[in-house]
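**Q** quick one: sequence and predicted model below, then my questions.
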There are 2 protein chains.
Amino acid sequence: MWQSELRNFFEPRGVAVFGSVRNLSGTAYGVVKNMLDFGFSGKIYPVNPSASSGEVLGLHVYSDVSEISGDIDLAVIIIPPRTVPDVVSQCAQRGIRAAIVVSEGFAEVGEEGKDLQARLVEISRRTGIRILGPNTLGVLNTSNYLVTTPYLIGYNKPLKGTISYCSQSGLLTFGTHPLRDRAYPVSKVCDFGNKCDVNEVDLLEYLVNDSGTAAIVMHLEDIKDGQKFLGSARKAVGRKPVLIFKPTKSEVSAKAAASHTGALAGNDQVYDTAFRQAGVIRVNSWQEFWEIPRVFATQPLPRGNRVAIITATGGAGVILVEEAIRVGLVITEFTTETKRKLAVLSPRLAQNPVDVGPLMAVSIGSDPIAVYERSIPIVLEDRNVDCAVVVCPGNLAIVDVFRRIADCISQLLKPVTVFCYGVNLADIQETVRQLQNLGFPAYLELEMAVKALGVAAIYSRIKGRAPIADTYSSQD
Amino acid sequence: MWQSELRNFFEPRGVAVFGSVRNLSGTAYGVVKNMLDFGFSGKIYPVNPSASSGEVLGLHVYSDVSEISGDIDLAVIIIPPRTVPDVVSQCAQRGIRAAIVVSEGFAEVGEEGKDLQARLVEISRRTGIRILGPNTLGVLNTSNYLVTTPYLIGYNKPLKGTISYCSQSGLLTFGTHPLRDRAYPVSKVCDFGNKCDVNEVDLLEYLVNDSGTAAIVMHLEDIKDGQKFLGSARKAVGRKPVLIFKPTKSEVSAKAAASHTGALAGNDQVYDTAFRQAGVIRVNSWQEFWEIPRVFATQPLPRGNRVAIITATGGAGVILVEEAIRVGLVITEFTTETKRKLAVLSPRLAQNPVDVGPLMAVSIGSDPIAVYERSIPIVLEDRNVDCAVVVCPGNLAIVDVFRRIADCISQLLKPVTVFCYGVNLADIQETVRQLQNLGFPAYLELEMAVKALGVAAIYSRIKGRAPIADTYSSQD
């Protein structure tokens, strides 16, 4: 029952969009334009009393929602705050079950706004219409390309994938990150806004049941009902990883949070313990919020925490060893068999980290990149290896290598991440995109590649399928 | 005396390059090609016995260094390791005072290599020739575009600037980061390699006296002589910031470090205390190594640690407040005068963080970006503000804003950093480049913008010019 309600926000047959249809970013026009640019597969009904009988972007503009005869499952509302309650009431009356209130000017601006927001809550309780926001950019769904932000995105729509991002701030949803240019595998995005009705518990329960979502990532400044959230999270993590970025730790930042969403942030220490007990994994920066979840989109879970490092530079090996230990991974010792196989390529390769740099240097003129193709499968076949990180030049030759060994890697069911370096930004970014399209999370930040594996190993343990090594694994 | 020796590595009149002149990356040809591509202002003399009387890239190839009649201050050597000692001896005999041994196969590969390296040390001691390496990519100097890496860089030469980067690994020098595409302000780069002679102390003392260097950044896995380094660092930090990225902390990573440069890493706790006492600032990741020093290239030092945050999204404000506190900054309270001026723009702006988002939203159709132009000077003029971070959309309109207020900001002598967000990667990267060219360190990672200010404030205190506030500054 409950699930079908939230589905209206992400899979509506028709969407009524209320607000100005003037050709500007930040208006109902912007919402309609984004949906058309993205190719939303449902119907779009612009509604504006003063622009009635007109057209916008080839769509008829209705003066009143009651005039629309088609199926409408969702209203997107971007009108002056005082007029919002009446429009939400009309929507409820028309049988619309879900409304996204994009408009600002509610609990975040003071007493008058709080009263207005209370009226929305009252309408929702009375009529059963569910409300996302107010003060939100709404949602994105890559399975039907529904998108409700009023700020023009152009053709930068994210690619279809399995990571769902939720946030309490527009900063971590739309319009703030080049998701498409970086080939992020996105399923759904949701901006909670002021959370007058729909909140993190609703989304968590919806997304854990959503077959299109493999991992749930949430940016939260506060949690409305801690016990309920932790209860839902505890159940969710048995099925999917739940990652939380909760920046509010100090009193000062709690004050800042209150001033922009009107909520209180709570004691961080309490949250930290509760998250850990519930199996929720914290990420600690804006960049980790975006980057780390990618490891869950296309890679299998590691069966343990023993990592192998294959690197073109010894310096990267040292940095990655340190970071791996910090995130709870163990630098594995290869079996004698693996060492023997690696030693055939070069005696100096027979240890972890595998420093392929010197062999690349002497392969000049032949094929310096080939050493990756030969060494990665040997390393991943080792029973002492649960996951691997590869440091390599960011160029199309390495993409070819991964294309050739992708099948072999996928049969071994061990996650692999990649860090790409290089002098030419366009080249390394294109390499990262192409590797991502092959299913390998590739990173432009060195430590992120091993942090992601560390988080994958932690989740694997939470899910109960991974034994965890505390020290060097025994050699054989 | 000493300084003039190191100068040969960075400002040679002529450079002899020993090794294969076959058209391949990773050879002496690569070194010559890079120097020609970059436009090195000195003379280049390729030396190769078997290719003698030939030409490479329009340059005469000499069979022996003794045949060259011009001034040679530096030799760059990329030949089989066993043949290196003889060539270094010949160079010393020819009166060359500095040699960069790019070749691998020395202390990093075992006993035989260690013996070879010991012979280099012996030659250096006996003849006075200084040796950088072996196992190094050498140096870069943007003031004459000397570059000695054998790996082809193309035209991606870094722009002239004042940050000098030194590293014990090729990973943090050339060929691993798009310094040019990101408009990094680079002065000199040095790869230490195995440090058989020239080491971190030499570079520290050279760079502190180098008028082209405003900040010194070093990646170190080990320190040869801790007492000497700390003594030099203590003197250096009175004149320039010294930032160290030293990843080697655990026994396991120490082992990895030993296997690629043949050195021991030491106890991290001891280093940490010693660095702090000497006034050396640690950075903690590959990304911080590259990104944080930029704040010292073009911005003044803050006179204290009180930060103002101007942001288009409240969510960014919360995250930045948290990070600011973590790095030792204080979220300042504006004076009544500042609050009054900000309230004229909008009552909701009159607090720190200054959330310009709502005002931008209601300025749709006029000029939403204009609020930055009005609010940034008001904030920076506040006597309770020592530095500011600006969160803004990454587009050319914001570049115009900063261009118009750049003079005003520079007169106030308070550092400003910028975080740019957006959906289009090319747009935000171009914005970051243009802001950097205007002198404003702009970042693609949110927290980095405030981390850089935190480090600037720490250095300002080390240099003895900054009083440090521990709590909210008093209002007036």
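**A** Received, thanks.

**Q** can you count the residues close to residue A:277?
**A** 11 (other Cβ atoms under 10 Å in any protein chain shown). C-beta coordinates here come from the backbone N, C-alpha and C atoms, glycine included.

**Q** leaving out chain neighbours, which residue sits closest to it?
**A** residue A:230 (7.6 Å; Cβ to Cβ, 6 or more residues apart in numbering or on different chains).

**Q** that neighbour and residue A:279 touch, don't they?
**A** No: Residue A:230 lies out of contact with residue A:279 (Cβ atoms under 8 Å); the separation is 9.7 Å.

**Q** how far away is the residue nearest to residue A:277 from chain B?
**A** With the distance defined as Cβ to the nearest Cβ, to the nearest Å, residue A:230 ends up 22 Å from chain B.

**Q** show me what the helix or strand harbouring that residue is packed up against.
**A** Residue A:230 belongs to helix A:226-236 when elements are defined using DSSP states H and E. On a contact count with 3 or more Cβ pairs under 8 Å, 6 or more residues apart in numbering or on different chains; DSSP states H and E, helix A:226-236 meets helix A:200-208, helix A:268-278.

**Q** how big is the angle separating that helix from helix A:200-208?
**A** 10 degrees (axes from the mean of the first three to the mean of the last three Cα atoms, to 10 degrees).

**Q** neighbouring contacts of helix A:226-236?
**A** Applying Cβ atoms under 8 Å, 6 or more residues apart in numbering or on different chains, the contact partners of helix A:226-236 are A:200-201, A:204-205, A:207-208, A:216, A:223, A:242, A:266, A:270-271, A:274-275, A:277-280.

**Q** try it again with 10 Å
**A** A:199-205, A:207-209, A:216, A:218, A:220, A:223, A:225, A:242, A:244, A:266, A:270-271, A:274-275, A:277-280 (Cβ atoms under 10 Å, 6 or more residues apart in numbering or on different chains).

**Q** circling back: what's the burial count for the residue nearest to residue A:277?
**A** Counted with other Cβ under 10 Å, residue A:230 comes out at 19.

**Q** after the helix holding residue A:230, next one along is what?
**A** Of the helices and strands lying after helix A:226-236 in sequence (DSSP H and E), the nearest is strand A:242-245.

**Q** how about that next one: buried residues?
**A** Within strand A:242-245, the residues that count as buried by 16 or more other Cβ atoms under 10 Å in any protein chain shown are A:242-245.

**Q** ok, now stretch A:9-27?
**A** Buried residues in stretch A:9-27 (16+ other Cβ under 10 Å): A:9-12, A:14-21, A:25-27.

**Q** take these and keep only those in helices.
**A** The members of the buried residues of stretch A:9-27 that map onto helices under DSSP state H are A:9-10.

**Q** could you point out which of the buried residues of stretch A:9-27 is nearest to chain B?
**A** Each of these was checked against chain B using Cβ to the nearest Cβ; the closest is residue A:26, at 4.2 Å.

**Q** returning to that earlier point: quick one: buried ones out of the contacts of helix A:226-236?
**A** A:199-205, A:207-208, A:216, A:218, A:220, A:223, A:242, A:244, A:266, A:271, A:274-275, A:278-280.

**Q** tell me the secondary structure for residue A:187?
**A** strand (DSSP: H, G, I helix; E, B strand; the rest coil).

**Q** that older thread, now the angle from the helix holding residue A:230 to helix A:268-278?
**A** Going by the same axes, to 10 degrees, helix A:226-236 is angled at 30 degrees with respect to helix A:268-278.
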